[in-house]
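Enquirer: below are the sequence and a predicted model; questions follow.
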Amino acid sequence: MVLFKNQLYSGKVVLITGCAWGSIGAAVALQVCQLGAAGLAICGRREEPLKDAALRLENQSKTPVFYQSCDIRDPDAVESFVAAVVAKFGRIDVLFNNAGGQFPVMAENLNSKGFNAVIRNNLLGTWNMTSSVARLAFIPQFEKLTEAEKKGANEDDPTQSVPCCFPGMVHTGSARAGVDNMTKTLAVEWAKYQIKVNAVAPGTIVSTGTQRYPKEMLDKSRRVAPLQRLGTCEEVANICTFLGSDEAAGFITGQTFYMEARVWQETSLNFNRPSYKTEACVCVCVCGLNGPTECDRSDNPRLFFRSGGKQHHKMCMPKLFAAIFFALAGICVAGAIIGCVVLKKEIDSISRYDLNGTLAIGDYILDANSTTSNLTVTLRNNGNNNNIVNARYDSPRNSDLRKFIYVDMCFSGRVFDRDNSSIKIFTTVTKPYNGTIIQKITQQYVDNYVVNTTNPCVQIATCYSATTYFGFQESNTTAPSSFTVATNTTESTSIKGNIKNVCNVGILYTYPGIAIIAFACVAGAIIFLSFALACVLIGFIRMVMLGLLAVLLIGAAIAFAVLYHKI
Ligand SMILES: CCCCCCC/C=C/C(=O)SCCNC(=O)CCNC(=O)[C@H](O)C(C)(C)COP(=O)(O)OP(=O)(O)OC[C@H]1O[C@@H](n2cnc3c(N)ncnc32)[C@H](O)[C@@H]1OP(=O)(O)O
Ligand SMILES: NC(=O)C1=CN([C@@H]2O[C@H](COP(=O)(O)OP(=O)(O)OC[C@H]3O[C@@H](n4cnc5c(N)ncnc54)[C@H](OP(=O)(O)O)[C@@H]3O)[C@@H](O)[C@H]2O)C=CC1
């Protein structure tokens with residue numbers, strides 16, 4: 001393909017650093033040679049690739065090629081190479097600072113020596129060559145021009161910033177930024193010598209250089225390029241050949257041409273994927289639906305939710321988890337509220353039965369010198385629910401239900417204990433119906449224990465309180481209509497008391513299922529809320545670590561307590 005005018009480089013002596021066959025330098029060299037360059041000088045650290053390239057170039061053009069091993073980082077070697085070129089061809093018209101390179105490395109793994117090596121290669125080396133060629137060739141050549149041929153210069157000294165970045169290669173990014181600024185600065189400073197200085201930032205190009213890079217890096221680079229491919233050496237050579245020609249680009253100077261067909265910021269995000277992986281960062285993208293987008297192509301560990309529009313919303317993992325935990329806490333709060341409401345409703349619906357007849361305030365329940373007295377309690381429904389036992393029997397939650405009849409009685413009276421021993425009063429409940437009594441708790445306690453030592457008997461003016469609960473299982477189909485309370489003492493004593501207070505007798509049932517759910521919801525709300533706050537305050541990973549530590553500590557404490565208890 002003929003892109004440039006025939007003989008565009010006619011009469012020109014061109015110096016290209018770094019020219020192994022298959023590299024960008026060699027592609028530029030081939031173009032300028034085929035466009036009639038009068039002479040070509042190439043250098044590199046290794047002589048073999050140079051010799052090979054020189055042979056190939058001379059075979060494919062009529063341009064004489066001079067090559068010399070030269071490390072651009074070594075100013076003396078550069079000076080001697082440039083002097084040799086001038087000696088060989090008499091002048092230098094165009095310099096392509098192509099030699100350079102680095103190694104891919106994340107910044108945290110880059111040490112000072114490596115950084116220095118790359119800076120020296122790309123920035124110092126570029127400066128060495130530029131400076132030598134300017135001093136030994138360009139400026140002396142300019143000085144020999146006639147006054148008419150010298151066209152004046154801009155002496156202004158503008159400052160410039162560097163707009164791009166090179167994630168994953170901070171060393172070369174810094175160096176190339178330096179070259180960018182060097183380009184602009186020298187373009188201004190050396191305009192007075194009619195030296196034009198431009199730079200090319202090629203993007204990712206298939207070359208001998210990138211063959212040494214990991215395939216995955218190149219694949220990623222290709223995926224993020226809108227054109228979905230890498231560039232070729234010839235495409236870079238085209239812009240270089242264009243810029244190197246006074247005829248084609250005589251008015252262009254101080255420019256850096258970014259060939260890479262993508263936006264730098266996008267590049268940096270994708271280049272940085274390994275760090276996203278380790279940080280476990282999650283992005284939520286809202287992308288356009290039309291055609292392939294950055295989100296579609298991306299294989300980084302982000303979450304993408306697609307909808308219309310072109311905004312990209314990113315949410316970091318801790319925040320996402322905080323949101324999830326807040327939502328779970330909200331659900332738990334709702335569950336706890338519902339559970340409590342249901343529980344309250346259930347408790348409110350408990351049937352109340354009143355004691356009827358047999359036990360009344362003021363009744364004597366135990367006569368003097370008697371040790372046992374049975375009192376039958378009859379129940380009278382107070383109207384809340386006549387059929388409660390049947391209703392519960394039909395309940396699907398039968399297995400959860402326990403019903404309790406409770407009686408709370410308070411006796412006051414005198415107890416005579418001739419042996420002056422402690423007095424115990426028991427209240428027992430005789431099985432009142434066909435159900436099974438599953439629980440029976442009897443409590444008694446003595447208030448106002450008063451001992452009158454002058455009296456041969458111990459006189460206690462007291463209140464004995466006996467509270468009795470008992471439960472029955474679901475096998476019962478009817479509520480008990482009466483039951484018997486037996487009150488007796490275990491000592492040989494006499495007791496005389498009367499009922500001071502009788503509380504209602506109720507049928508109470510617990511609702512453990514709902515109670516447990518409500519409790520779990522409250523606990524869940526507290527836990528999830530703590531998680532959410534921890535995510536916001538300390539981040540997800542730290543929160544998980546702290547959580548694990550807490551679990552370990554609690555486990556260790558329990559284990560220690562159990563062991564201690566056993567010992
Ligand atoms: C998504 C893909 C993006 C692709 C974008 C592509 C953009 C650019 C592409 C290109 O530029 S392609 C051209 C590629 N060509 C080259 O890279 C040239 C080859 N590289 C080199 O010649 C060398 O790496 C160097 C940069 C010239 C340095 O060579 P030098 O001989 O001076 O240094 P060394 O003695 O080898 O190393 C010095 C020092 O540097 C550190 N180091 C070296 N290699 C690595 C590495 N792979 N990772 C981390 N650090 C490294 C290290 O500290 C070395 O010291 P020692 O430890 O060896 O004492
Ligand atoms: N390919 C790409 O995608 C991109 C490349 N670039 C840059 O473009 C230039 C050419 O790239 P590419 O052709 O791919 O690279 P290559 O690695 O294929 O070629 C680099 C050439 O430079 C020479 N060289 C390297 N360091 C020195 C040195 N200190 N002194 C003298 N010669 C040296 C090498 O020879 P030797 O090893 O014998 O010294 C080699 O001939 C490089 O500067 C590269 O960094 C920039 C962006 C993208």
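Expert: Looks like it arrived, so ask away. Numbers count the residues shown, from 1 in each chain. Ligands and ions are numbered 1, 2, ... in the order given.

Enquirer: contacts, neighbours, all on C-alpha from now
Expert: OK.

Enquirer: where does the stretch 1-150 of the chain dip in pLDDT?
Expert: The stretch 1-150 of the chain contains residues with pLDDT under 70 at 1.

Enquirer: contact residues of it facing ligand 1?
Expert: Contacts of the stretch 1-150 of the chain with ligand 1, taken as Cα under 6 Å from any ligand atom, map to 100-103, 105, 110-111, 113-114, 117-118, 121.

Enquirer: which secondary structure state does the residue in the chain that ligand 1 sits nearest to sit in?
Expert: Per Cα to the nearest ligand atom, residue 114 is where the chain lies closest to ligand 1, at 3.0 Å. The local conformation at residue 114, judged by DSSP: H, G, I helix; E, B strand; the rest coil, is helix.

Enquirer: that's a strand at residue 200, yeah?
Expert: Yes: applying three-state DSSP, one finds residue 200 inside a strand.

Enquirer: leaving out chain neighbours, which residue sits closest to the residue of the chain closest to ligand 1?
Expert: Spatial nearest neighbour of residue 114, chain neighbours left out: residue 171 (8.0 Å); criterion: Cα to Cα, 6 or more residues apart in numbering.

Enquirer: the one you found and residue 120 touch, don't they?
Expert: No: counting by Cα atoms under 8 Å, residue 171 stays clear of residue 120, with 9.8 Å between them.

Enquirer: just the ones in helices from the residues of the stretch 1-150 of the chain next to ligand 1, please.
Expert: Counted as lying in helices by DSSP state H, out of those, are 113-114, 117-118.

Enquirer: list the contacts for the nearest residue to residue 330 once chain neighbours are set aside?
Expert: Nearest residue to residue 330, sequence neighbours excluded (Cα to Cα, 6+ apart): residue 525, at 6.9 Å. Contacts of residue 525 were listed using Cα atoms under 8 Å, 6 or more residues apart in numbering, and they are 328-333.

Enquirer: buried residues in whichever strand or helix holds residue 525, which are they?
Expert: Applying DSSP states H and E as the criterion places residue 525 in helix 512-538. Within helix 512-538, the residues that qualify as buried are 514-515, 517-525, 527-536, counting by 16 or more other Cα atoms under 10 Å.

Enquirer: related to what we said a few turns ago, neighbour-wise, which of residue 171 and residue 120 wins?
Expert: residue 171 (28 against 21; other Cα atoms under 10 Å).

Enquirer: and the gap between the nearest residue to residue 143 once chain neighbours are set aside and residue 77?
Expert: Excluding the flanking residues, the one nearest residue 143 by Cα to Cα, 6+ apart is residue 193, at 7.8 Å. From residue 193 over to residue 77 the distance is 25 Å, taken as Cα to Cα, to the nearest Å.

Enquirer: those two - which one has more neighbours?
Expert: residue 193 (20 against 17).

Enquirer: residues touching the more buried one, list them.
Expert: Contacts of residue 193 by Cα under 8 Å, 6+ apart are 138-139, 142-143, 150, 153.

Enquirer: reformat those as JSON lines; add distance to residue 16, neighbour count and secondary structure.
Expert: Putting those into JSON lines (distance: Cα to Cα, whole Å; neighbours: other Cα atoms under 10 Å; DSSP: H, G, I helix; E, B strand; the rest coil) gives the following:
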{"residue": "138", "distance to residue 16": "15", "neighbour count": "22", "secondary structure": "helix"}
{"residue": "139", "distance to residue 16": "18", "neighbour count": "16", "secondary structure": "helix"}
{"residue": "142", "distance to residue 16": "20", "neighbour count": "16", "secondary structure": "helix"}
{"residue": "143", "distance to residue 16": "23", "neighbour count": "11", "secondary structure": "helix"}
{"residue": "150", "distance to residue 16": "26", "neighbour count": "14", "secondary structure": "coil"}
{"residue": "153", "distance to residue 16": "27", "neighbour count": "13", "secondary structure": "coil"}
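
Enquirer: which of these lies closest to residue 238?
Expert: Nearest to residue 238 out of those is residue 138 (Cα to Cα; 23.3 Å).

Enquirer: neighbour-wise, which one of the ones in helices among the residues of the stretch 1-150 of the chain next to ligand 1 leads?
Expert: residue 118 (24 neighbours).

Enquirer: residue contacts, it?
Expert: Taking Cα under 8 Å, 6+ apart as the test, what residue 118 contacts is 101-102, 171-172, 175.
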